[in-house]
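**Q** what would the 3D arrangement of this be:
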Amino acid sequence: SVAGTFTATSGEAITDSGVLTISGTSSFNTDVANKDIVLNTQTNAISGSVSFNTLGTGSATLDNGNANVFIGNSDIGGSLTVTTGGAISDAGGALILVDGTSSFTTDVANKTITLDNTTNAFAGAMNFSTIGGAGNVLIDNGTTALNLGTVSVAGTFTATSGEAITDSGVLTITGTSLFTTDVANKDIVLNTETNAISGLVRFTTSGTGSVTLDNGNTDVALGTTTIRGGLTVRTGGSISDAGGALITVDGASSFTTDVADKAIALNNTTNAFTGAMSFSTLGTLGHVTIDNGTTALNLGTVGVNGNFTAISGAGITDSGVLTISGNGSFTADVANQSIVLDTGTNAITGFSTFTTSGTGNVVWDNGTTNLFLGNSGIGGNLTLTSGGTIGDAGGALISVGGTSSFTTDVADKTIMLDNTTNAFAGAMIF
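**A** Numbering: from 1, shown residues only. Here you go, the predicted model:
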């Protein structure tokens, strides 16, 4: 029991067989390579900042009972394990270097872990465990790559690094999570197939930094996100954007639900996906909805086993093949913006619906698949091509302000537009 500071140094291991109660700063040092520090009495109470220094593969273990842990300047050649029923934090300005794996556990509800010094350098995998809805975790790993091991966090989780962020274990996070690379061109790759981030998930990168997330079978709810590279999201649950979230992605985006009948709904009007957007769903109810706000929508490879709805205020185009088993609906909701989907192998099996205003044109090539027009209001011209038949769906109201052109480019395929509510104002070409 020490009321002041405590310094312990040994050329062999340092262990405890009793209770350590230290009010002041403490420092534990092994000055010979590969010697460990193990202070694991469950009723320890070190209330001042605690520092560890080892050489070689020497590891450090601390159980601090129910007392808060303040980690001071530390240089650990092996691993670091810290457990407490209080909070865990890094002392202001402390430089913490750990070459091996680091594990931080708060075993009492609603105790936080805050390691936010920008000089931190945890080189090995980092494991975190908290309980209770306020058991939040914040980690800044400075300019060292952040390798997330087993993470089980009941509260929020915030991770920042000036290098890449990756996972080597399973991430189970109940609250909101935010992953940030704060140096240009650094990626975030969280692709463990059993991840389960159930709260909102947010990402921030700069330069060409890309993001990959596999969320196992858990729904993905994207919060406000800024990604300067590409975005790839996969889950066996649904994918959505949280209400009011602003999602900006400069590179290509890919969204996949790999369990049948799981939907993708990215329908915030502030979305801005600049690169090509690809979608993949399974089953018959794997519907997709995308609203790209006022940003041009470039559809890449789309394989949707359900209905597909696309909206943009700056035109819609395809750079890949659209394969849609259900109905397809395409809307340019700002005047004079066109829809051009002219890849020759497109295949929408259900009805195709188009909406433009002003002079907004529509061009649609449905490959060799029959083309059935649903309710459509087109301000400009309409050009339809198919290697199958072309028809209007029963009861569909089709209105075209400009010229209409219909082509079947395979022999003996018919064109039948016989709804009495049709209104083709311009010349019709067959």
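**Q** didn't residue 177 look like it was pressed against residue 198?
**A** No: applying C-beta atoms under 8 Å as the test, residue 177 and residue 198 come out as separate, 9.5 Å apart. Where C-beta positions appear, they are placed from N, C-alpha and C, glycine not excepted.
**Q** which of those two has more neighbours?
**A** Counted by other C-beta atoms under 10 Å, residue 177 and residue 198 do not tie: residue 177 has more neighbours, with 24 against 17.
**Q** what's the closest non-adjacent residue to that one?
**A** Spatial nearest neighbour of residue 177, excluding adjacent residues (C-beta to C-beta, 6 or more residues apart in numbering): residue 157 at 4.4 Å.
**Q** who does the one you found bridge with?
**A** residue 137, residue 177 (DSSP bridges).
**Q** show me the contacts for it.
**A** Residues near residue 157 by C-beta atoms under 8 Å, 6 or more residues apart in numbering: 128, 136-138, 151, 171, 173, 175-178.
**Q** can we see that at 7 Å?
**A** 137, 151, 173, 175, 177 (C-beta atoms under 7 Å, 6 or more residues apart in numbering).
**Q** from residue 170, how far off is it?
**A** Separation of residue 157 from residue 170 (C-beta to C-beta, to the nearest Å) stands at 13 Å.
**Q** go on, residue 328?
**A** Distance from residue 328 to residue 170, by C-beta to C-beta: 37 Å.
**Q** out of those two, which sits in the more crowded spot?
**A** The residue with more neighbours, out of residue 328 and residue 170, is residue 328; 26 against 16, by other C-beta under 10 Å.
**Q** torsion angles phi and psi at the nearest residue to that one once chain neighbours are set aside?
**A** Closest residue in space to residue 328, ignoring its immediate chain neighbours: residue 348 at 4.4 Å, by C-beta to C-beta, 6+ apart. Backbone torsions of residue 348, given as degrees, to the nearest 10, read phi -100, psi 120.
**Q** and the one 3 residues further on, by the same measure?
**A** According to degrees, to the nearest 10, the main-chain angles of residue 351 amount to phi -70, psi 150.
**Q** what is it paired to in the beta sheet?
**A** As for beta bridges, residue 351 partners with residue 372 under DSSP bridges.
**Q** can you give me the buried ones in the strand or helix carrying residue 127?
**A** Secondary-structure assignment from DSSP states H and E places residue 127 in strand 125-129. Judged by neighbour count (16 or more other C-beta atoms under 10 Å), strand 125-129 contains these buried residues: 125-129.
**Q** what's the answer for stretch 355-371, then?
**A** 355-357, 360-367, 369-371.
**Q** that stretch - what's its average pLDDT?
**A** For stretch 355-371, mean pLDDT is 98.
**Q** then stretch 285-296?
**A** Averaging pLDDT along stretch 285-296 yields 98.
**Q** C-alpha coordinates for it, PDB please?
**A** Provided in PDB are the C-alpha atoms of stretch 285-296 (Å, rounded to 0.1, in the frame of the first residue of the first chain):
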ATOM      1  CA  LEU A 285     -38.200 -10.100 -52.600                       C
ATOM      2  CA  GLY A 286     -34.600  -8.700 -52.700                       C
ATOM      3  CA  HIS A 287     -35.800  -5.300 -53.700                       C
ATOM      4  CA  VAL A 288     -33.500  -2.300 -54.300                       C
ATOM      5  CA  THR A 289     -34.200   1.400 -54.000                       C
ATOM      6  CA  ILE A 290     -31.600   4.000 -54.700                       C
ATOM      7  CA  ASP A 291     -32.100   7.800 -54.600                       C
ATOM      8  CA  ASN A 292     -28.900   9.600 -55.600                       C
ATOM      9  CA  GLY A 293     -30.100  13.100 -54.800                       C
ATOM     10  CA  THR A 294     -28.900  15.600 -57.300                       C
ATOM     11  CA  THR A 295     -25.900  13.500 -58.400                       C
ATOM     12  CA  ALA A 296     -25.900  11.700 -61.800                       C
END
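**Q** contacts for that stretch, please.
**A** Outside stretch 285-296, the residues that touch it by C-beta under 7 Å, 6+ apart are 257, 260-274, 277, 279, 281, 297, 304-315, 334.
**Q** for that stretch, the distance to its chain's centre please.
**A** 17 Å (C-alpha atoms, centre = their mean, to the nearest Å).
**Q** what's the answer for stretch 101-114, then?
**A** 24 Å.
**Q** and if you look at stretch 222-237?
**A** Distance of stretch 222-237 from the chain centroid (C-alpha atoms, centre = their mean) equals 3 Å.
**Q** may I have the distance across it, first residue to last?
**A** Stretch 222-237 has an end-to-end distance of 13 Å (C-alpha to C-alpha, to the nearest Å).
**Q** coming back round to it: the strand holding residue 127 packs against which elements?
**A** The helices and strands touching strand 125-129, judged by 3 or more C-beta pairs under 7 Å, 6 or more residues apart in numbering; DSSP states H and E, are strand 102-106, strand 146-153.
**Q** quick one: strands adjacent to that strand?
**A** Strand 125-129 has these strand partners (DSSP bridges): strand 102-106 (parallel), strand 146-153 (parallel).
**Q** please save the CA atoms from the first one in PDB.
**A** Which is strand 102-106. Below are the C-alpha coordinates for strand 102-106, written out as PDB (Å, rounded to 0.1, in the frame of the first residue of the first chain):
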ATOM      1  CA  SER A 102      -3.400  -5.600 -26.900                       C
ATOM      2  CA  SER A 103      -6.500  -6.500 -25.000                       C
ATOM      3  CA  PHE A 104      -8.700  -4.100 -23.000                       C
ATOM      4  CA  THR A 105     -11.700  -5.300 -20.900                       C
ATOM      5  CA  THR A 106     -14.000  -3.400 -18.700                       C
END
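**Q** tell me the helix or strand right after that strand.
**A** Per DSSP H and E, the first helix or strand lying C-terminal to strand 102-106 is strand 113-115.
**Q** about what we covered before: in CSV, list the strands paired with strand 125-129 along with mean neighbour count, mean pLDDT and distance to residue 402.
**A** Formatted as CSV, the strands paired with strand 125-129 follow (neighbours: other C-beta atoms under 10 Å; pLDDT from 0 to 100; distance: least, C-beta to C-beta, whole Å):
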stretch, mean neighbour count, mean pLDDT, distance to residue 402
strand 102-106, 23, 98, 65
strand 146-153, 22, 98, 55
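**Q** and residue 30, which of these is closest to it?
**A** Residue 30 sits nearest to strand 102-106 of all the strands paired with strand 125-129, at 17.6 Å, using C-beta to C-beta.
**Q** what are the contacting residues of the closest one?
**A** 79-85, 87-88, 113, 122, 124, 126-130, 135.
**Q** cool, and stretch 227-241?
**A** Counting by C-beta under 7 Å, 6+ apart, 203, 205-222, 247, 249-259, 262-268, 271, 275 sit against stretch 227-241.
**Q** just stretch 14-24 next, same as before
**A** Outside of stretch 14-24, the residues that reach it under the criterion C-beta under 7 Å, 6+ apart are 1-6, 8, 28, 30, 37-39, 41, 43-48.
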